[in-house]
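**Student:** coords please:
(chains A, B, C and D)
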Protein chains: 2
Amino acid sequence: MNLESNQNKLSHSDDLGGSTMSPSVASIGSNETTGPVMPTGSALQQLRAVQDLFIRRWGEMGQTWGINRTMAEIHALLFITAQPLCTDDVMDRLNISRGNASMSLRALCDWGIIRRMHRRGERREYFESLSDVWEMFSIIAAERKRREMDPVLETIKQCQRMLEEPAIGKAAAKQETVLATRNRLASMEEFMELTNKIFQSFIVNAKSGLTRVVKVLLKNL
Amino acid sequence: MNLESNQNKLSHSDDLGGSTMSPSVASIGSNETTGPVMPTGSALQQLRAVQDLFIRRWGEMGQTWGINRTMAEIHALLFITAQPLCTDDVMDRLNISRGNASMSLRALCDWGIIRRMHRRGERREYFESLSDVWEMFSIIAAERKRREMDPVLETIKQCQRMLEEPAIGKAAAKQETVLATRNRLASMEEFMELTNKIFQSFIVNAKSGLTRVVKVLLKNL
DNA sequence: CTATACTTTCAGCACACACTGAAAAGGAGC
DNA sequence: GCTCCTTTTCAGTGTGTGCTGAAAGTATAG
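**Tutor:** Purely as a prediction, here's the structure:
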């Protein structure tokens, strides 16, 4: 019953090097324009090549934005596949261990950008990505704002309080260095407050609002 | 001559734990409101506490956004200090090695968010942070867009091309799975194209434009 | 209840990355 | 030329993070 997922496990295991170099090579052999020239098998290969390419790039990007590569890859896989996959599918496709797959899938569920799914009469659980890109990034933006921007803003405010008169005295509060520091803090605070608002609108508006916003932005360019 | 930077090296070396817990404790001992009650030395201590707090938080944030902690800390130090510091100052203040300081400072210079500075009649080099927060983030946004978003967008377009008729044939191009994949790719592309534009306006507009943009955003909330 | 199907946990391992410190290179002044 | 001061480089090391795989846990069916 769970063998079905192993059937797909061709020898694509470690072709990372190859397809990084020239993924378009995968389409070699197909005629240029006409009819149903490509046999079904070949089209499947091509689809697989596309998925691999997308998954790899998405993983790389994730890494530079502070997201675990494997998690990003799993998400990319579920997104691009556009249908629910079970743990074994993910393991086999990305060549990762059961433990890793389980933990990463759970983390993605916790973020809320993939969902668990049951199939009638089946015991195992399936996972699928949210399909709405805007919703996904809304969720991510909200979470990262909460976890990473809000604390910084709070800290800056705390720093300001620590340098106010009541805390350090009138004379000290007028010292050159103190004033300079407070200036720097103030401009950083202003900046982060504004960035926060942009995030906020990202979160609240999702697609409809953002598209409108971009129109306005473009006028100003 | 370079001893001056060591003179400041109090025993603040490893107070990380302590001030993480309760930084505001540093202001204990000052009276609440009146006059020049706090002796100058104490005010300096307070300033130091503020700087340490800011530096630590900035470093933490950097890490979660894919920026080396030490680099973020160095930048925070130069920004909050609001005056040029030399390599030894940085080493001593952050307790890092000469090699580390040298490499990180160079990297920050390469990014363009700090600048080298010579002082008349002095041999050693000083470094200072850009003072304009908006300019700094403009630079960062431009670079990250170029390095991390553009390649992904390019990949998505390539994926689309790999699934077009000329590449896989007419019949294959009509298959369910192929169509589903192309749909996903299309919505991701649309999203990234839009995000790119937002970044672009970030880059081009800096403060003046952004403030305007936020006003627009807020109306739409 | 046991057997089976599937998921989660986590100790131990492996690897990538950041950091150190000493040696080499650079360059200003004598 | 040599000396002195400073920066850069990089081999070696240490640490944190992510991954594995087997063992423990959970749930359903019989």
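**Student:** how many other residues sit next to the residue in chain A positioned nearest to DNA strand C?
**Tutor:** DNA strand C sits closest to residue A:99 of chain A, with a gap of 3.1 Å, by C-beta to the nearest atom of the strand. In this view, the C-beta of every residue, glycine as well, is placed from N, C-alpha and C. For residue A:99, the neighbour count with other C-beta atoms under 10 Å in any protein chain shown is 9.
**Student:** Can you pull out the residues in contact with the helix or strand hosting it?
**Tutor:** Using DSSP states H and E, residue A:99 falls within helix A:98-111. Helix A:98-111 is contacted from outside by A:68, A:70-71, A:74-75, A:87, A:90-91, A:94, A:96, A:114-116, A:127, A:139-140, A:143, using C-beta atoms under 8 Å, 6 or more residues apart in numbering or on different chains.
**Student:** quick one: the lengthiest helix in chain A to helix B:176-220, angle?
**Tutor:** Counting by DSSP state H, the longest helix found in chain A is helix A:176-220. Orientation of helix A:176-220 against helix B:176-220 (axes from the mean of the first three to the mean of the last three C-alpha atoms, to 10 degrees) gives an angle of 120 degrees.
**Student:** Please compute how far helix A:176-220 lies from its chain's middle.
**Tutor:** 22 Å (C-alpha atoms, centre = their mean, to the nearest Å).
**Student:** What is that helix packed up against?
**Tutor:** helix A:133-144, helix A:150-162, helix B:40-64, helix B:69-81, helix B:133-144, helix B:176-220 (3 or more C-beta pairs under 8 Å, 6 or more residues apart in numbering or on different chains; DSSP states H and E).
**Student:** Can you tell me the element the residue lying farthest from the centre of chain A falls in?
**Tutor:** The C-alpha centroid of chain A is most remote from residue A:171, which lies 49.8 Å away (C-alpha atoms, centre = their mean). Element membership of residue A:171, judged by DSSP H and E, is helix A:170-173.
**Student:** any residue of that helix up close to chain B?
**Tutor:** Yes. Using C-beta under 8 Å from any C-beta of the partner chain, helix A:170-173 reaches chain B at A:170, A:171, A:172.
**Student:** Need those residues in CSV (columns: pLDDT).
**Tutor:** Output for these, formatted as CSV (pLDDT from 0 to 100):
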residue, pLDDT
A:170, 91
A:171, 90
A:172, 90
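**Student:** Return the distance of the nearest residue to residue A:203 once chain neighbours are set aside relative to residue B:62.
**Tutor:** Closest residue to residue A:203 apart from its sequence neighbours, by C-beta to C-beta, 6 or more residues apart in numbering or on different chains: residue A:142 at 4.7 Å. Distance of residue A:142 to residue B:62, given as C-beta to C-beta, to the nearest Å: 21 Å.
**Student:** So which bits of chain A are right by DNA strand C?
**Tutor:** A:1-2, A:86-88, A:98-99, A:102-103, A:105-106, A:122-125 (C-beta under 7 Å from any atom of the strand).
**Student:** list the contacts for residue A:72?
**Tutor:** A:58, A:59, A:61, A:62, A:63.
**Student:** Ignore what I typed, I meant residue A:74.
**Tutor:** Residue A:74 neighbours (C-beta under 8 Å, 6+ apart): A:90, A:94, A:101, A:104, A:105, A:108.
**Student:** what's the answer for residue A:91, then?
**Tutor:** A:97, A:98, A:101.
**Student:** What of residue A:80?
**Tutor:** Counted by C-beta under 8 Å, 6+ apart, residue A:80 has contacts A:50, A:51, A:54, A:55, B:181, B:184, B:185.
**Student:** again with residue A:188
**Tutor:** A:156, B:79, B:133.
**Student:** Disregarding residues adjacent in the polypeptide, which is nearest to the second one?
**Tutor:** Leaving out its chain neighbours, the residue that sits closest to residue B:79 by C-beta to C-beta, 6+ apart is residue B:129, at 4.1 Å.
**Student:** Go ahead and confirm the one you found touches residue B:84.
**Tutor:** No. Assessed by C-beta atoms under 8 Å, residue B:129 is found out of contact with residue B:84, at 9.2 Å.
**Student:** So for these two, which sits in the more crowded spot?
**Tutor:** residue B:129 (24 against 18).
**Student:** okay, whichever residue of chain A sits closest to DNA strand D: pLDDT?
**Tutor:** With C-beta to the nearest atom of the strand, the shortest gap between chain A and DNA strand D falls at residue A:99, namely 1.8 Å. Turning to residue A:99, the model gives it a pLDDT of 97.
**Student:** do you know how far it is from chain B?
**Tutor:** Separation of residue A:99 from chain B (C-beta to the nearest C-beta, to the nearest Å) stands at 24 Å.
**Student:** and of the residues of helix A:170-173 next to chain B, the nearest to residue A:46?
**Tutor:** Distance to residue A:46 across the residues of helix A:170-173 next to chain B (C-beta to C-beta) is lowest for residue A:172, with 70.1 Å.
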